[in-house]
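**Student:** need coordinates for the below:
(one chain, ligands or ions: 1)
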Amino acid sequence: MAPSSPTQAVMTVTGVAAMRSVQVAVDDVHVRYRTPSTDAAARAEVPRAMRAVNRLIGRQPTVLNRALAGVSFVARSGEAVGVVGLNGSGKSTLLRVIAGLERPARGMVLARTTPVLLGVNAAMLPELTGQQNVRLGCLAMGMTPEEVSAAYKDIVELSGLGPAIHHPMKTYSSGMGARLKFAIAAAANPQILLIDEALATGDAAFRERSEDRMNQLRGNAGCTFLVSHAAKTVEETCTRAIWLHKGRLVMDGSAYDVAQKYRWWAWNLAKGETEKAAGLLDDAFGEGHDTAVRVTELYDPSAPPRHVRGG
Ligand SMILES: Nc1ncnc2c1ncn2[C@@H]1O[C@H](COP(=O)(O)OP(=O)(O)OP(=O)(O)O)[C@@H](O)[C@H]1O
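**Tutor:** Below is the predicted model:
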């Protein structure tokens, strides 16, 4: 799986055999946002013609923000992929692109089955009770009313909410809400589960239950992605990790290796050791298994890719 070259390798995902275990292929994905800005220096980078057009039509000046800049990797059956990086490094954007909620400006994502994104901001109705939100959430994920009834007890148990399941969700703490969302998403038994920070908000007992559930999902030949600021969580719960920095993939390797290197770099950065941190980042880029994915043949040509090439 890891490319042989420590610098830049081309992974050609080709043929039925090679595709069989691939759950997600991310191929040179770029995501850009145009953001209104009052920063004159940043605005100066906007092409002169566009600035003139903006002035003419009275549009607020904007700057270009590269949330993802050429990210490529594949995730295979049974992998739990942790995604680490500083605030704003592109972690949530990556999950949203994989979930199909965001369209890449360039590149493509292929997913074997529909990925289920569990974000701490996943839409739920605050006025409704936990119980009602369980039903709503499960139906929204495509489960039948019978499947919802059958899964209900397990969901409540995994969430660990006890009697609070009958209280309106607006009365929950953020951790309680996140636990319920995780339990609902896991009930759909998705082959590809994308988790954005949910585990960090739970207590120790919940973390253990949710890790068990993640392992079960991986055991069902699926794969999970976990975004977390806590490199330790990634190290303990994932088999592999990806480190993003300013939208670029710094490292892709074993969860242990990546988490250790990320933590040491972040620690130096936090201590103001900027030169040392810059050197560590360069080293990590150098040995980062920056994999270029080229999907040359679709496993099932009759099934359209989840995203067509952006453009
Ligand atoms: N809807 C949007 N419009 C404009 N810019 C956005 C939008 N969403 C994200 N961005 C920008 O894209 C970059 C990556 O954001 P993203 O949320 O993916 O980072 P992150 O690594 O998940 O951050 P955090 O750890 O703080 O959650 C940031 O600079 C952010 O400001």
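**Student:** can you tell me how far the residue most central in space within the chain is from Y152?
**Tutor:** The centroid of the chain falls nearest to L95 when counting by CA atoms, centre = their mean (2.9 Å). Separation of L95 from Y152 (CB to CB, to the nearest Å): 27 Å. For the C-beta atoms, the positions are set from N, CA and C on the backbone; glycine is no exception.
**Student:** and if you look at V227?
**Tutor:** With distances taken as CB to CB, V227 is found 28 Å from Y152.
**Student:** show me which of those two is the more surrounded one.
**Tutor:** Neighbour count, other CB atoms under 10 Å: between V227 and Y152, V227 has more, with 25 against 16.
**Student:** which parts of the protein are helices?
**Tutor:** 15-20, 40-43, 48-57, 91-99, 130-140, 145-159, 174-187, 204-219, 231-237, 255-270, 274-286 (DSSP state H).
**Student:** going by mean pLDDT, which of these comes out lowest?
**Tutor:** Least confident of these, judged by mean pLDDT, is helix 15-20 with a mean of 53.
**Student:** close to the ligand: what parts of this structure are there?
**Tutor:** Within the chain, the residues that sit near the ligand (CB under 6 Å from any ligand atom) are 33, 35, 65, 67, 85, 87-93.
**Student:** farthest-separated two in those residues?
**Tutor:** Of all pairs drawn from the residues of the chain next to the ligand, the greatest distance, 18.9 Å, lies between T35 and G85 (CB to CB).
**Student:** hmm, back to that, now the helices of the chain in CSV, with distance to S77?
**Tutor:** Shown next, in CSV, are these (distance: least, CB to CB, whole Å):
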stretch, distance to S77
helix 15-20, 8
helix 40-43, 43
helix 48-57, 45
helix 91-99, 16
helix 130-140, 25
helix 145-159, 23
helix 174-187, 17
helix 204-219, 8
helix 231-237, 17
helix 255-270, 17
helix 274-286, 27
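**Student:** V29: which of the ones you listed is closest?
**Tutor:** Closest approach to V29 among the helices of the chain is made by helix 91-99 (5.8 Å; CB to CB).
**Student:** what does the closest one contact?
**Tutor:** Contacts to helix 91-99, defined as CB atoms under 8 Å, 6 or more residues apart in numbering, come from residues 24, 26, 29, 31, 67-68, 71, 83-85, 102-104, 109, 111, 115-117, 119, 192, 194, 196, 225, 227, 244, 247, 307.
**Student:** can you tell me the closest non-neighbouring residue to the residue nearest to the centre of the chain?
**Tutor:** Excluding its sequence neighbours, the residue lying closest to L95 (CB to CB, 6 or more residues apart in numbering) is L194, at 4.6 Å.
**Student:** ditto for Y152
**Tutor:** Using CB to CB, 6+ apart and skipping the chain neighbours, the partner closest in space to Y152 is V134 (6.3 Å).
**Student:** rewinding a little: between T35 and G85, who's got more neighbours?
**Tutor:** Neighbours per residue (other CB under 10 Å) separate T35 from G85, with G85 holding more: 25 against 13.
**Student:** report how many residues lie close to the closest residue to that one other than its chain neighbours.
**Tutor:** Spatial nearest neighbour of G85, excluding adjacent residues (CB to CB, 6+ apart): L244 at 3.8 Å. Neighbour count for L244, taken as other CB under 10 Å: 26.
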